[in-house]
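Colleague: No sequence on hand, only this structure:
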């Protein structure tokens, strides 16, 4: 089983719109802040779930107070989206 690369992110337009909300630290760009959050959550997930819970191919995370989904995509990375975009 090949796991998605958490540094190969695709983000939806809904997530991109969060860029103007509650910026944390002027030294971090939106993209690098999001990547750090995704990587941190990714490391906590099991490689594979056998009971339907979150794993490295599909998990839920909080970013700037907003619930997001991280979903494995066809290019070996993760697509980050709002729940309503799933």
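Modeller: All right, it came through fine. Bear in mind that the values here come from a model prediction, so they are computed numbers and not experimental data. Numbering: from 1, shown residues only.

Colleague: does residue 41 count as helix, strand or coil?
Modeller: Of the three states, residue 41 takes helix according to DSSP: H, G, I helix; E, B strand; the rest coil.

Colleague: got a pLDDT number for it?
Modeller: On pLDDT, residue 41 comes in at 97.

Colleague: which residues sit in contact with the closest residue to it other than its chain neighbours?
Modeller: Leaving out its chain neighbours, the residue that sits closest to residue 41 by Cβ to Cβ, 6 or more residues apart in numbering is residue 61, at 4.3 Å. All C-beta spots, glycine's among them, are computed from the backbone N, C-alpha and C. Neighbour list for residue 61: 37, 38, 41, 67, 68, 70 [criterion: Cβ atoms under 8 Å, 6 or more residues apart in numbering].

Colleague: Please apply the same query to residue 37.
Modeller: 61, 63 are the contacts of residue 37 under Cβ under 8 Å, 6+ apart.

Colleague: Assign a three-state SS to it, would you?
Modeller: helix.

Colleague: and it, how far is that from residue 73?
Modeller: Residue 37 is 18 Å from residue 73, where distance means Cβ to Cβ, to the nearest Å.

Colleague: cool, residue 5 as well?
Modeller: 10 Å.

Colleague: how near is the residue nearest to residue 41 to residue 47?
Modeller: 17 Å.

Colleague: those strands in this protein, which residues are they?
Modeller: Here the chain has its strands, by DSSP state E, at 9-11, 58-63, 66-72, 78-81.
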